[in-house]
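>>> 3D, please:
(chains A and B, ligands or ions: 2)
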Amino acid sequence: MRVRVNGTEVEVSAGMVVAVAVARAGRLWSRRSVIQEPRGPLCGIGVCYECRVTINGQAHQRGCLVACQEGMEIEADE
Amino acid sequence: MSRQRRDEAYDVVVVGGGPAGVAAATAAAESGKRVGLIDESPWLGGQIWRGEAERPHSEKARRWLKRLEAAGVTVRVGVSVVGGDGAGWLVAEDRRGAWRIGYEALILATGARDRFLPFPGWTAPHVMGVGGLQTLVKSGWPVAGKRVAIVGSGPLLWALAEGVTAAGGVVVVLAEQASWESVRRFGAGLIRYPAKLVQAIGLRARLAGVPYWCGWWPAVTRSEGDWAVVTVTDGTSRRELKCDLVAFGFGLVPNLELARLLGCGTRDEPGWEGVEVGLDQETGLSGVYAAGEATGVKGAEAALVEGRVAGYAAAGRRAEAEALYGLRDRWRRFGAMLAQAFALRAELKTLADDDTIVCRCEDVTYGRLRTWRTAREAKLMTRCGMGPCQGRVCGAACRFLWSWEPDRVRPPATVARLETLMELGTGGNGG
Ligand SMILES: Cc1cc2nc3c(=O)[nH]c(=O)nc-3n(C[C@H](O)[C@@H](O)[C@H](O)COP(=O)(O)OP(=O)(O)OC[C@H]3O[C@@H](n4cnc5c(N)ncnc54)[C@H](O)[C@@H]3O)c2cc1C
Ligand code: FES
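Ligands and ions are numbered 1, 2, ... in the order given. The predicted structure follows:
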């Protein structure tokens, strides 16, 4: 199945979470911190909130806790 | 979203779908109880059995997940438990909204997370948790052809080395902060756990090419062009390693926020943290049980047997629970052996410099924090621990660095939406 990460199409499969789709789009990071540092997934299990992205328009979702679904629109910070 | 329409109730509610929660739910359901099992990740299995539902690897996991299904447990995944009154109601939340879940007995099987100790450079995107990377690799994180440095402490370093290697990555170093002597003593102790010994020997043989340095820990990491560089030290010398990713973690810390929020007693000494439970896994709160890593980090076998004890006890089947005490003691002793062997060295308190960020949510540095005496003070003055993770990452670090007591847990136990806050505001029995 396919999802889009900041407009780029990425091939993913069932069992992949959104944070993995972001990495497969070639990005190690998903958000900018208070002082604008780039940050990416740390804990992998919903604890640290460093993997936050916008999913289908819904902001601040933890990418490591959401399973990819066909056609999902994922937006990470630039 | 109408809350009333989604409210639900069970005889026994289990929070956490890892080995402990799966075993607990199964034992209670096989004892004739109506059981609800809730987990916030998209699939059952918790950390060790992650991905087993789609791509089974472990025979044991397959057996347990089948038995759970056969027992007729109602499973809710993608649902976070964010609060409750400790006396019959939980507040649950998913991406669509919030609702209440009622119970007669509650079993907390919330597992553990990586313990992170800040060191210069650790907030860079090329640095991830040991458990964190392991979990994401199981979900398909691309590590093929990547060079990964694994630094920190505990057997999870080895699990990750195997995960990375199997996925086509190269482990450039496995740096363990515990001394050779300590690790060797742990190895010798495995003689009492033959299955573990066989597992360890097999793992070491499969990963014979991986450099294993004991008594080494991370000093600093930085980017250099396309590469990441991590410097490790043994206290006297330093070595630099070129890699793509650095995975680090100093053992695990139990997820205690929900237990604390409900009012269960906890132990907080680094390395020995956990929910306090009695013989039958019951916490200080009547009808509320805890099992698995949540009661203290000791591995998946202990989690399974504690889960079974809790499940039987919550269903009132005392004899079945008691029959498992011997087995449970055995795996708890294994846990104590782990804690002792991989105890954190004092040098790890000196990793950060004044510019190192400790609280990643609010970007609060070590230099700004070290002048305060308590977590409460630091929070008020610097916002440390006030961000979305609510101190889950920096709290364990501050505890280790300055022995700060964990600050009182405010509801909700995780960051929740406004309507969830309103739900909590109605109290446990509001309509
Ligand atoms: C990130 C990570 C990866 C690991 N990987 C391995 C591995 O590959 N191999 C290995 O041998 N050991 C691994 N471990 C060790 C692990 O702790 C195992 O020993 C085992 O999974 C513990 O079982 P458990 O049932 O106690 O907890 P877990 O398996 O951790 O299960 C706890 C579950 O509770 C859920 N949960 C927690 N809080 C809430 C809440 N408020 N609401 C809803 N759900 C909640 C979590 O989503 C999780 O699924 C890992 C640990 C971590 C932290
Ligand atoms: S990686 Fe920590 S919350 Fe997703």
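
>>> and the stretch 1-150 of chain B, which residues reach ligand 1?
Contact residues, the stretch 1-150 of chain B versus ligand 1 (Cβ under 6 Å from any ligand atom): B:15-21, B:38-41, B:46-48, B:80-81, B:109-114, B:131-132, B:134-135. Glycine gets a C-beta too; all of them are placed from N, C-alpha and C.

>>> Can you say which of the residues you listed are also within reach of ligand 2?
residue B:132.

>>> What sits closest to the most centrally placed residue in chain A if chain neighbours are left out?
By Cα atoms, centre = their mean, chain A has its centre lying nearest to residue A:19, at 4.0 Å. Excluding the flanking residues, the one nearest residue A:19 by Cβ to Cβ, 6 or more residues apart in numbering or on different chains is residue A:63, at 3.7 Å.

>>> quick one on the thing from earlier: in helices, which of the residues of the stretch 1-150 of chain B next to ligand 1 fall?
Members of these lying in helices (criterion: DSSP state H): B:19, B:20, B:21, B:131, B:132, B:134, B:135.

>>> list the contacts for the second one?
Counting by Cβ atoms under 8 Å, 6 or more residues apart in numbering or on different chains, residue B:20 touches B:46, B:109, B:111, B:291, B:292, B:293, B:294, B:303, B:304, B:306, B:307, B:310.

>>> Please identify the helix or strand for the residue of the stretch 301-431 of chain B found nearest ligand 1.
Taking Cβ to the nearest ligand atom as the measure, the point where the stretch 301-431 of chain B comes nearest ligand 1 is residue B:303, at 3.7 Å. Taking DSSP states H and E as the definition, one finds residue B:303 inside helix B:300-314.

>>> List the residues that contact the residue nearest to the centre of chain A.
Contacts of residue A:19 by Cβ under 8 Å, 6+ apart are A:30, A:41, A:44, A:51, A:53, A:63, A:64, B:136, B:139, B:141.

>>> and residue B:354, what does it touch?
Residue B:354 neighbours (Cβ under 8 Å, 6+ apart): B:365, B:366, B:367, B:370.

>>> How many neighbouring residues does the second one have?
Think residue B:366. Neighbourhood size, residue B:366 [other Cβ atoms under 10 Å in any protein chain shown]: 20.

>>> Equivalent analysis for the last one, please.
By other Cβ under 10 Å, the residues close to residue B:370 number 14.

>>> Give me the nearest residue to it, chain neighbours excluded.
residue B:402 (7.3 Å).

>>> do the same with the second one
Once its chain neighbours are removed from consideration, residue B:366 has its nearest residue in residue B:352; the separation is 4.1 Å (Cβ to Cβ, 6+ apart).

>>> what about the one you found, how many neighbours?
That count, for residue B:352 with other Cβ under 10 Å as the rule, works out to 22.

>>> For it, which three-state class applies?
Three-state call for residue B:352 (DSSP: H, G, I helix; E, B strand; the rest coil): coil.

>>> how near is the residue of the stretch 1-150 of chain B found nearest ligand 2 to chain A?
For the stretch 1-150 of chain B and ligand 2, the shortest gap (Cβ to the nearest ligand atom) falls at residue B:132, measuring 5.9 Å. Computed as Cβ to the nearest Cβ, to the nearest Å, the residue B:132 to chain A distance reads 3 Å.

>>> surely that residue meets residue A:46?
No: look at residue B:132 against residue A:46 with Cβ atoms under 8 Å: they stay out of range, at 10.4 Å.

>>> Between these two, which contacts overlap?
Common neighbours of residue B:132 and residue A:46 (Cβ under 8 Å, 6+ apart) are residue A:64.

>>> give me phi/psi at residue B:151?
In terms of degrees, to the nearest 10, the main-chain angles of residue B:151 are phi -130, psi 150.

>>> quick one, what contacts it?
Taking Cβ under 8 Å, 6+ apart, we find residue B:151 in contact with B:157, B:173, B:174, B:175, B:216, B:217, B:218, B:230, B:232, B:246, B:247, B:248.

>>> bridging residues for it?
Beta bridges link residue B:151 to residue B:175, residue B:248, judged by DSSP bridges.

>>> where along chain A do the helices fall?
A:18-24.

>>> which residue does it bring closest to ligand 1?
Closest point on chain A to ligand 1, by Cβ to the nearest ligand atom, is residue A:45, at 4.8 Å.

>>> distance of that residue from residue B:197?
29 Å (Cβ to Cβ, to the nearest Å).

>>> For the residue of chain A positioned farthest from its centre, give its distance to residue B:228.
With distances taken as Cα atoms, centre = their mean, the residue sitting farthest from the centre of chain A turns out to be residue A:35, at 20.2 Å. As defined by Cβ to Cβ, residue A:35 lies at a distance of 20 Å from residue B:228.

>>> about what we covered before: name the nearest residue to the residue of the stretch 1-150 of chain B closest to ligand 2, ignoring sequence neighbours.
Leaving aside its sequence neighbours, residue B:132 is closest to residue A:44 (3.4 Å, by Cβ to Cβ, 6+ apart).

>>> which residue ranges form the strands in chain A?
Ranges of strands in chain A, per DSSP state E, are A:2-5, A:8-11, A:31-32, A:38-39, A:52-55, A:58-62, A:73-75.

>>> do the same with the stretch 151-300 of chain B
With strands called from DSSP state E, counting those that start in this stretch, the stretch 151-300 of chain B shows them at B:170-176, B:212-214, B:217-224, B:227-233, B:238-243, B:245-250, B:252-254, B:266-267, B:274-275, B:288-290.

>>> and of the ones you listed, who's closest to residue B:191?
strand B:212-214 (19.5 Å; Cβ to Cβ).

>>> check contacts around residue B:355.
Applying Cβ under 8 Å, 6+ apart, we find residue B:355 in contact with B:120, B:365, B:366, B:367.

>>> how about a cut-off of 6 Å?
Residue B:355 makes contact with residue B:365, according to Cβ atoms under 6 Å, 6 or more residues apart in numbering or on different chains.

>>> hang on, it is in a strand, isn't it?
No: looking at residue B:355 with three-state DSSP, it is coil, so not inside a strand.

>>> separation between it and residue B:369?
Residue B:355 is 12 Å from residue B:369, by Cβ to Cβ.

>>> what's the nearest residue to residue B:144 if we skip its chain neighbours?
residue B:168 (3.4 Å).

>>> what's the residue nearest to residue A:19 in contact with, if anything?
A:18, A:19, A:51, A:53.
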